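Asker: This is a predicted model, with the sequence first.
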Amino acid sequence: MGKVTGFREYPRELPPRRPVIERVNDWFEVYRDFPEEKVRAQGARCMDCGVPFCHTGCPLNNIIPDWNDLVYRDRWQEAIRRLHATNNFPEFTGRICPAPCEASCVLGINEPPVTIRQIEKSVIEHAWSAGWIRPEPPMVETEHRVAVIGSGPAGLAAAQQLRRAGHKVTVYEKNEKAGGLLRFGIPNFKLEKHILERRLQQLVEEGIEFVTNAHVGVNVSVAELRRNHDALLLAGGAEQPRDLPLPGRELKGIHYAVDYLSQSNRRCEGIDLRSDEEIVATGKRVVIIGGGDTGADCLGTTHRQHAKSVHQFELLPMPPAERSPSTPWPLWPMQLRTESSHEEGGIREWSISTTAFHGNGDGRVSGLAGVSVGPPPKFEPVAASEFFLECDMVLLAMGFVGPVRSGLLQQLGVKLDNRGNVATDETYMSSVPGVFAAGDVRRGQSLVVWAIQEGRSAARGIDAYLRARSAAS
């Protein structure tokens, strides 16, 4: 490494967040810019470890120490080459990945870990500003055609890899614009959509065709798609949200988090809401059920819509402030995480189980009943802890249970695993020859970094399959 004593000389430092009073009145990203000299100092904290556990902590196996060192040495163009060698979209992971690489950083054993995610984001933004990110069309074209169904991070990563291998790639997206959850699920204050648009433009200029408003299995024929392509990649995500079937669930005003976030993002972009019912928190008493990332995204969105009050309930007990002994380094730590949305307001409560929803006679939710519970796995109710909370809106942010089975998957007849996801072999091919799967549709709800890794791996399997077919013909 360029500075072997850097980890002793420089403390961990991140860019400051914009003041709460400012950011809750707009939809821009919450972080201020970070000067390059500070980024370089953070790169110097990388320790030249004998075994860099960050490599395996990252699902993409990013070559993290190399580009940390290159940043410290002010060799940014080499750094982006090293970063792009394993990660198609570091501008996404540098913003919305929870950074499992940092959890496995060797420095993190007894000091704050290296700011890997911030360095990654700085490298890619430097590269875009310098004009180094250009289309990279293939040198040689094949005659193979591949259909990618779904334009989230898995589908986009696979499409880019396959196109650069010379195959003709068409991406089918059921919504009006490409991007999947990057566009319709992640709020703008975490990922402004011009960040997505510039990368999509690169893919188009590389020769990838995007067909939007194309819901395969609904308004696009599965049989016709198979006839016109040599391989299909299923990358439609795990879109079936987890429900909470309690008394009163039928009341109006109880919504899935994904529907709420999708509408909010559509408003920001001026896109039709695709719903007769407008879901907006302005002036309402809101309860968010679910304490994970999706719940935090809902929380930040309700603040920007100026809800009257917000409660966020989590079934699990409050994690410890520091890494739990049950998840020692280099495992992903069980510990309390405070997102920017939690700084902005709301009441965060733990060990809460909702037991019923109540209405006020007009068919709309007016409150919910709940109880405090003990630890898992039993979650036994605590005596005399029952409560009633008035509310006008409930958002169910409890994750997803897998892909939607009806439509595409049913018509293809692909086998599912015991969790209801598409089952594949080691090449990512499903039980139907020539049909592959990647991302959340294959592994279940997961991280954007896993989606990119899955897309890249599936592309490798598809490329090998197509070339084997060519060799055999």
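Answerer: Received the coordinates, thanks.
Asker: and residue 25, what does it touch?
Answerer: For residue 25, the contacting residues are residue 304, by Cβ atoms under 8 Å, 6 or more residues apart in numbering. Any C-beta I mention is one placed from the backbone N, CA and C, and that applies to glycine too.
Asker: redo that, cut-off 10 Å
Answerer: By Cβ atoms under 10 Å, 6 or more residues apart in numbering, residue 25 lies in contact with 303, 304, 306.
Asker: and these, which are buried?
Answerer: With burial judged by 16 or more other Cβ atoms under 10 Å, the buried subset of these is 303, 304.
Asker: want to try TSV for the contacts of residue 25, with pLDDT, distance to residue 424 and secondary structure as columns?
Answerer: Below are the contacts of residue 25 laid out as TSV (pLDDT from 0 to 100; distance: Cβ to Cβ, whole Å; DSSP: H, G, I helix; E, B strand; the rest coil):
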residue	pLDDT	distance to residue 424	secondary structure
303	98	40	helix
304	98	39	helix
306	98	45	coil
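Asker: Out of the contacts of residue 25, the closest to residue 28 would be?
Answerer: residue 304 (10.4 Å; Cβ to Cβ).
Asker: For that closest one, which non-adjacent residue is closest in space?
Answerer: residue 24 (5.6 Å; Cβ to Cβ, 6 or more residues apart in numbering).
Asker: pLDDT score assigned to the one you found?
Answerer: pLDDT, residue 24: 98.
Asker: quick one: contacts for it?
Answerer: 18, 30, 189, 300, 302-306, 341, 343-345.
Asker: now the residues you listed: which count as buried?
Answerer: Buried, going by 16+ other Cβ under 10 Å: 18, 30, 189, 300, 302, 303, 304, 305, 341, 344, out of the contacts of residue 24.
Asker: ok now whatever helix or strand the fourth one lives in, how far from the chain's centre?
Answerer: With elements taken from DSSP states H and E, the one containing residue 300 is helix 293-304. On the basis of Cα atoms, centre = their mean, to the nearest Å, helix 293-304 is displaced by 14 Å from the centre of the chain it belongs to.
Asker: helices or strands up against that helix?
Answerer: In terms of contacts (3 or more Cβ pairs under 10 Å, 6 or more residues apart in numbering; DSSP states H and E), helix 293-304 is packed against helix 20-23, helix 257-269, strand 285-289, strand 309-313, helix 340-343, strand 347-349, strand 393-396.
Asker: Find the nearest non-adjacent residue to residue 284, please.
Answerer: residue 392 (4.0 Å).
Asker: same thing with residue 104?
Answerer: residue 57 (3.0 Å).
Asker: Under the pLDDT cut-off, which ranges of this protein? List them.
Answerer: 1 (pLDDT under 70).
Asker: residues touching residue 21, list them.
Answerer: residue 344.
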